[in-house]
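> A predicted structure for the sequence below; I have some questions about it.
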Amino acid sequence: MSAQDRRLPQGGEVDRSTPMRFRFDDRDYQGLAGDTLASALLANDVRLVGRSFKYHRPRGIFSAGPEEPNALVELRTGARIEPNTRATTIELYDGLEAASQHRWPSLRWDVGEVNNLVSDFLPAGFYYKTFMGWPGWMFWEHFIRKAAGMGRGTLDPDPDSYDKMNAHCDVLVIGGGPAGLSAALVAGRSGARVILVEETDGFGGRLRGERETIDDKPARHWVASTLAELDGMGDVTLLRRTTAFGRYDGNVVAALERRADHLAEPPEHISRQRLWTIRARRIVLAAGGIERHIAFADNDRPGVMLAGAARTYLNRFAVQVGKIATVFANNDDGYRTALDLAAGGVEINAIVDPREHGGTWRQKAETAGIDVFAGAVVSRAHGRLGLVGVDVRDASGKNRFLASDLLAVSGGWNPNVHLTCHLGAKPVWDNALATFLPGDTGPDMRVAGSARGLAGLGTCITDGYAQARAALDDLGYSKSALPDVPVTDEPQEEPVQALWQVPGKGMRFVDYQDDVKVSDIALANREGYQSVEHLKRYTTLGMGTDQGKTANVIGLAVLAEERGLPIDKVGTTTFRPPYTPVTFGAFVGRETGLHYQPLRRSAMHDWHVANGATFVNAGHWLRPQYYLRDGESDVKADIDRAITREVTETRGGGGIVDVSTLGKIDLQGPDTAELLNRLYINGWKTLAVGKARYGLMLREDGHVWDDGTTSRLGENHYFMTTTTANAGPVMSHIEYALQVLWPDLDVKAVSVTEHWAAMAIAGPKSREALAAVLDDVDVSNDALPFMGVVECTLAGIPARVFRISFSGELAYEINVAADCGEAAWEHVMRTGAPLGILPYGTEAMGIMRIEKGHVAGPELDGRTTPADLGLGRMVSSKKPFLGAPMLTREGLTDTDRPSLVGLVPVDGKSRPRAGAVLIADPKAVPPVDKLGHVTSSAYLSPNLDHPIALGLLEGGMAREGETVWAAFPLRDEMIEVRVTGPVFLDPDGERMHG
Amino acid sequence: MAETRTLPPRRSALVSALKPGTFGTLGSDGPGSDGPGVTLSERHPMSVVQVEGRIGQEAALGDALETAIGIHPADGFNRVSGDEDGPRILWVGPCRWYVAEPESRDLYGALRPAMGKFGGATVDLSSGRTVFRLSGHDARRVLAKGCSLDTHSSTFGPGACGQTGLFHVSVLIACVDEAPTYEIYAARGYALSLWESLVDASMEYGLRVD
């Protein structure tokens, strides 16, 4: 256990009474509650935390926030391991385990560092240039990826859950710093519905790392009182640990809440992370700014740190990140760092400032006894595994060495414009501020505080008030008095002086995470990659997990210098969501496993479960596929036996199948017959009350869409059924037709799929069974003929009985209200038991319909015409209907079109696979002419005792008796099949009509 | 005189899943510390009948409904009239309503002749809809997990209804009272799936199943 040598005895937000043990690279340390992993490592004087991606250079903690390019670690272990997490944003918890990345065998001795020695041979575009030739990128990629590292993931299932939340508000405030808090306060006081999201665990933003005062008290008092007031407002939602990472059309903002990342494990019933979809009427973006660095030789040495971060570690975490510090800054904020560090007991060598002018801040520094080297720059850092000193070059070009273990760098601040760009606005260059400011965000989003380049605490608070007020004015909230402007103590600031790079030899890093140097950008420019988008892709500038938060602007500026253009002529790359990485788990939420999609169950589902059904997904529906009996298990032999049994006994006696999934549409109104006439290809004006008819529908392009029966229940009352798959689409299309195409038709359509449970009793004994099942109903062939419909009762349950058949057997469909479905089914099973009625599933149903040549989904595949399916005679020439005009297109009437045939394996046992391609010559060399394909296949027709299939074949029935080959190259199968008629069984329909 | 039917026993789609009791976080800390934040139950058996007339018949149809069952549809769209325990009328489309009540009579049989003279359609959906009752101070949060409808009391208070998606299932949601309590009408086939999602979403707030 290592002592926290760098921790100050008092100050900061850390809780010294709550120590936290943690482990980094197999070594145990102790930190405090309130630490991040980064602050705890720094408190323990751990300076080396990772290796760089390409050159494997030793790297240290560089920032104190989500912009961190260096300190990427593997967090946690086992199934919870997470690579590339930023040590600067990980809240420390007791027992935390983390490991460094990109190094082998250890962080201090890394073999990959050889890349650093040969770096002259690894310039920008090295991989493109080297590995695109023989034997190709696909070969090399494997090795390169392995060498590149980027942490390890896990193949274990994630033990934690993720969920989602929708939210609506009048004003969404993004960022809980001074500007965001003040905006939320004004919005909340007006009575508006407010959501305030803050990325870290607490509010205050930069104030958490500052020593500033508000109204002569530490700023945290103002934060606390503002927060208390917001907390007491009923319609204000405060979201901590929540990152707004994307803005989308309609003022929708996506945000990720890390509910349990700060804990070892999420508490029971609590998701680890939550994805918020926030629909905001107005957005106030108070995302603050991110400091940038300056490119000079070896500026990546551990111990070189952003100045604001060094200040944060001191003020918020009570950690001295160095003992002897040099500050290198082109702006006055660096002076604040120097003064705070000095006050915190750090010895300040000097402030190195390329500017010649002086101001209030310089006077303050000099009064405090700090040397200021005006007109000077830091030209090189020294110390491979940790900073030992820097070279300072003064205005005359003279170098001097300053021993330092900390170099605090500030190249200025970039407003955090990311979310202003997601809907297409481009940031605008401001020469005076030497930074990009938000572009035109439109009226729905306003930017407040330092996110739009403002400086000074009082200014930012006032701006928060103003932006919220403006948003509220837009929304019509009555004007209320703005809160008082708090008193802050801020010296006048002198302007920043743009400084992107310091000339010199050695590696001058622009993008730490991607190891992009000034020289790479210069090379890209020389090689013609002058567009920023090309530059990005050629050098990988800004393409790391940090998306170049500290690097991009420097990179653009260097490119501009190389091209001799002003920065605004060079432009920026596109900012896209997400602002920071978002785990896939959050997008998945609870939609995983059985809830990947909602499941739909029939009214008889529980019976099927209790009686051995194995289920198959049909869209959202779960349908019994086959029923296993006691002693049978879900293995091929037993499954085949079950399916064969179901077919054989249905054809031999009687079976019952759950057909509740078929779409059912109630149609009422005087024009219903006319509607049906226009929807179906066949005629409907002659259908009598109490009768059903088979109908076929086309899409508007003339291809077959759906089929089913429609029954006439009353004078103006019809009942349509559709296939399971098209239940929703057909209903939608009818509604569309009635509202848009033919609003003059007086028809009301209601989906009643869910109200009716449906079961089909089929087989030679089905009439006998039906007679026993129904309450005193004459079911004789005369009283209930083929396609007859009767309304009756069954064990007292109101029922509709339709004599229709899909199986080709004598068959009846019984519909009862779904809540009575299971009772009716059980009644049928009980009453039918003496007759041997057994349940059958979709496999048996499929075999029976193939035996009968009845078309189903595989034949109605959106590419077939009625004639292709042998249903050409159904097409009425006496009336217009949907799809009719297109049905006569040349391509759809071509006599060479593949049409429906039956296929039987010549050897009597091979099973042609659905999807197999029909070809003439098994030995033909590709490309082979395709004659058609197998659409549906029955592994075995128990009635014919050999496999059968349906297919669509060029020439169709003209080839009857010929043989072709069913080729399935993926499985190396080639089966000779004989062409037959598509109806294998009972071609005259005697069974069905009997 | 309305045609009457004897009412056969009805089986809920949730028989296998609905187990009364308390579940989830009910400890001394956290959101469930003040008792279950959510109460979930099924209203069963319910009579649900959709009545629909031609556009323009709204007033006449409303009067006929009032004559038949004693209440008039609320004015405007996405509104509900009637009490939770008596007949209620929920707007589901232009000149289209659900009439719903706890089953005590043949509601369909009563409404069909009364509505018949308007043409249009009267359709029994009683078995086609499972009706959930979701109540409690965290009920709104549970809905927000799976539904993008704004259920804030200022826009979706008692008397409001809306058709939307809830955990990817199409539903009609009606706000019953300020508890808040919601009635959720979902297709029967999806009822178990939706039930599981609602229970899952409620666990962190503490759940009582009645």
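That came through, no problem.
> Show me where chain B has its strands.
Along chain B, the segments classed as strands by DSSP state E run B:21-23, B:38-43, B:46-52, B:80-82, B:88-93, B:96-102, B:121-124, B:129-135, B:161-166, B:169-177, B:181-187, B:207-209.
> Identify whichever of those lies nearest to residue A:482.
With Cβ to Cβ, the closest approach to residue A:482 among the strands of chain B belongs to strand B:169-177: 35.6 Å. Where you see a C-beta, it was placed from the backbone N, CA and C, and this is true even at glycine.
> Can you name every helix or strand that that closest one contacts?
Packed against strand B:169-177 by the contact rule (3 or more Cβ pairs under 8 Å, 6 or more residues apart in numbering or on different chains; DSSP states H and E) you find strand B:88-93, strand B:161-166, strand B:181-187, helix B:191-202.
> Excluding its own residues, what touches the last one? List them.
Pointing back at helix B:191-202 there. Helix B:191-202 is contacted from outside by A:163, A:590, A:594-595, A:598-601, A:605, B:13-14, B:16-18, B:23-24, B:37-38, B:40, B:42, B:130, B:132, B:134, B:138, B:142, B:145-146, B:166-167, B:169, B:171, B:184, B:186, B:207, B:209, using Cβ atoms under 8 Å, 6 or more residues apart in numbering or on different chains.
> Centroid-nearest residue for chain A?
The centroid of chain A falls nearest to residue A:587 when counting by Cα atoms, centre = their mean (4.4 Å).
> Tell me if that residue really is in a helix.
Yes - judged by DSSP: H, G, I helix; E, B strand; the rest coil, residue A:587 forms part of a helix.
> And residue A:132, what's its pLDDT?
What the model reports as pLDDT for residue A:132 is 61.
> Same question for residue A:994.
74.
> before we move on, what about residue A:153?
Confidence score, pLDDT, at residue A:153: 84.
> same question, residue B:27
Per the predicted model, pLDDT is 63 at residue B:27.
> What segments of the stretch 451-600 of chain A are strands?
A:509-511, A:516-517 (DSSP state E, counting those that start in this stretch).
> returning to what we had before: make JSON lines from the helices and strands packed on strand B:169-177 and add mean pLDDT and mean neighbour count to it.
Below are the helices and strands packed on strand B:169-177 laid out as JSON lines (pLDDT from 0 to 100; neighbours: other Cβ atoms under 10 Å in any protein chain shown):
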{"stretch": "strand B:88-93", "mean pLDDT": "97", "mean neighbour count": "21"}
{"stretch": "strand B:161-166", "mean pLDDT": "98", "mean neighbour count": "20"}
{"stretch": "strand B:181-187", "mean pLDDT": "98", "mean neighbour count": "23"}
{"stretch": "helix B:191-202", "mean pLDDT": "98", "mean neighbour count": "23"}
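> sorry, back to before: residue A:731 is nearest to which of the strands of the stretch 451-600 of chain A?
With Cβ to Cβ, the closest approach to residue A:731 among the strands of the stretch 451-600 of chain A belongs to strand A:509-511: 54.8 Å.
> about what we covered before: I'd like the strands of the stretch 451-600 of chain A laid out as TSV, including mean neighbour count and mean pLDDT.
Shown next, in TSV, are those (neighbours: other Cβ atoms under 10 Å in any protein chain shown; pLDDT from 0 to 100):
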stretch	mean neighbour count	mean pLDDT
strand A:509-511	30	97
strand A:516-517	28	96
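> nearest to chain B, of these?
Taking Cβ to the nearest Cβ, strand A:509-511 is the member of the strands of the stretch 451-600 of chain A nearest to chain B, at 38.6 Å.
> Give me the sheet partners of the closest one and which way each runs.
Strand A:509-511 has the following strand partners under DSSP bridges: strand A:516-517 (antiparallel).
> and the residue lying closest to residue A:851 once chain neighbours are set aside, how many neighbours?
Counting by Cβ to Cβ, 6 or more residues apart in numbering or on different chains, residue A:985 is the residue found nearest to residue A:851 once chain neighbours are left out, at 4.3 Å. Other residues within reach of residue A:985 by the criterion other Cβ atoms under 10 Å in any protein chain shown amount to 18.
> May I see the buried residues of the lowest-mean-pLDDT helix or strand in chain B?
Across the helices and strands of chain B, mean confidence by mean pLDDT, DSSP states H and E is lowest for helix B:107-116: a mean of 92. For helix B:107-116, the neighbour count (16 or more other Cβ atoms under 10 Å in any protein chain shown) marks B:107, B:108, B:109, B:110, B:111, B:112, B:114, B:115 as buried.
> okay, stretch A:729-742 in PDB with CA atoms only?
The C-alpha coordinates for stretch A:729-742 follow below in PDB (Å, rounded to 0.1, in the frame of the first residue of the first chain):
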ATOM      1  CA  PRO A 729     -49.700  -4.200 -43.700                       C
ATOM      2  CA  VAL A 730     -53.100  -5.300 -45.200                       C
ATOM      3  CA  MET A 731     -55.000  -3.500 -42.400                       C
ATOM      4  CA  SER A 732     -52.800  -0.400 -43.000                       C
ATOM      5  CA  HIS A 733     -53.400  -0.500 -46.700                       C
ATOM      6  CA  ILE A 734     -57.200  -0.800 -46.200                       C
ATOM      7  CA  GLU A 735     -57.100   2.200 -43.900                       C
ATOM      8  CA  TYR A 736     -55.000   4.100 -46.500                       C
ATOM      9  CA  ALA A 737     -57.400   3.100 -49.300                       C
ATOM     10  CA  LEU A 738     -60.500   4.200 -47.400                       C
ATOM     11  CA  GLN A 739     -59.000   7.500 -46.300                       C
ATOM     12  CA  VAL A 740     -57.000   8.500 -49.300                       C
ATOM     13  CA  LEU A 741     -57.900   6.500 -52.400                       C
ATOM     14  CA  TRP A 742     -61.600   6.000 -52.000                       C
END
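> Average pLDDT for that stretch, rounded please.
96.
> Need the contact partners of it.
With Cβ under 8 Å, 6+ apart, stretch A:729-742 has contacts from A:663, A:665, A:667, A:675, A:678-679, A:697, A:705-706, A:720, A:722, A:745, A:747, A:749, A:751, A:882.
> In ChimeraX, select just the buried ones from those.
Selection of buried members from these for ChimeraX, criterion 16+ other Cβ under 10 Å:
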select /A:663,665,667,675,678,679,697,705,706,720,722,747,749,751,882
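> picking that back up, do the least confident helix or strand of chain B and chain A come into contact?
No - judged by Cβ under 8 Å from any Cβ of the partner chain, helix B:107-116 makes no contact with chain A; its nearest approach is 10.0 Å.
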